[in-house]
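Chemist: Need a 3D model of the following:
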Amino acid sequence: MVPIEHGAKNSERIVLGNKPLRNYLLDIVLALNRGADEVEILGKGRHINRAVTLYNMLSGRLGDSLHLDKVEIGSVHERGRRISYIKIVVSRKIA
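Modeler: Down below sits the predicted model:
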């Protein structure tokens, strides 16, 4: 998890790798419980499908208390290659 500076917002970024998805799921739930305003899930290249699966697992776990703020898709140049990414930003819905 990497803290992100978005003005006054307390945000964290989860960059997906090869760890089991349940580890990332736990990281996100803990970040939201610690008071993070939003959590950004970032999947690059072959991890794009894992980012979507992680969001679906999170949505199934938290249900109506989770809010999907933003989804961004695009590509970046890294090491001379174009790599696609998906960025999913979620927050806890205030009751």
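Chemist: Can you name the helix or strand that residue 13 falls in?
Modeler: Using DSSP states H and E, the element containing residue 13 is strand 9-15.
Chemist: One more: residue 55?
Modeler: Counting by DSSP H and E, residue 55 is found in helix 48-62.
Chemist: ok, then the element right after that helix?
Modeler: As assigned by DSSP H and E, the chain's next helix or strand after helix 48-62 is strand 66-78.
Chemist: Tell me the helices and strands packed up against that next one.
Modeler: Here strand 66-78 touches helix 48-62, strand 81-92, going by 3 or more CB pairs under 8 Å, 6 or more residues apart in numbering; DSSP states H and E. Just so you know, the C-beta spots here come from the backbone N, C-alpha and C atoms, and that holds for glycine as well.
Chemist: go with 10 Å
Modeler: helix 21-33, strand 38-44, helix 48-62, strand 81-92 (3 or more CB pairs under 10 Å, 6 or more residues apart in numbering; DSSP states H and E).
Chemist: buried sites along the second one?
Modeler: Using 16 or more other CB atoms under 10 Å as the burial criterion, the residues of strand 38-44 that qualify are 38, 39, 40, 41, 42, 43, 44.
Chemist: Excluding sequence neighbours, find me the nearest residue to the residue minimising distance to the centre of the chain.
Modeler: In the chain, the centroid-proximal residue (CA atoms, centre = their mean) is residue 41; its distance is 1.5 Å. Spatially, and ignoring its direct neighbours in sequence, residue 41 is nearest to residue 88 (4.3 Å; CB to CB, 6 or more residues apart in numbering).
Chemist: For that neighbour, list each beta-bridge partner.
Modeler: residue 41, residue 71 (DSSP bridges).
Chemist: re the thing from before, turn the buried residues of strand 38-44 into JSON lines, including distance to residue 68.
Modeler: Formatted as JSON lines, those follow (distance: CB to CB, whole Å):
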{"residue": "38", "distance to residue 68": "11"}
{"residue": "39", "distance to residue 68": "11"}
{"residue": "40", "distance to residue 68": "12"}
{"residue": "41", "distance to residue 68": "10"}
{"residue": "42", "distance to residue 68": "15"}
{"residue": "43", "distance to residue 68": "15"}
{"residue": "44", "distance to residue 68": "20"}
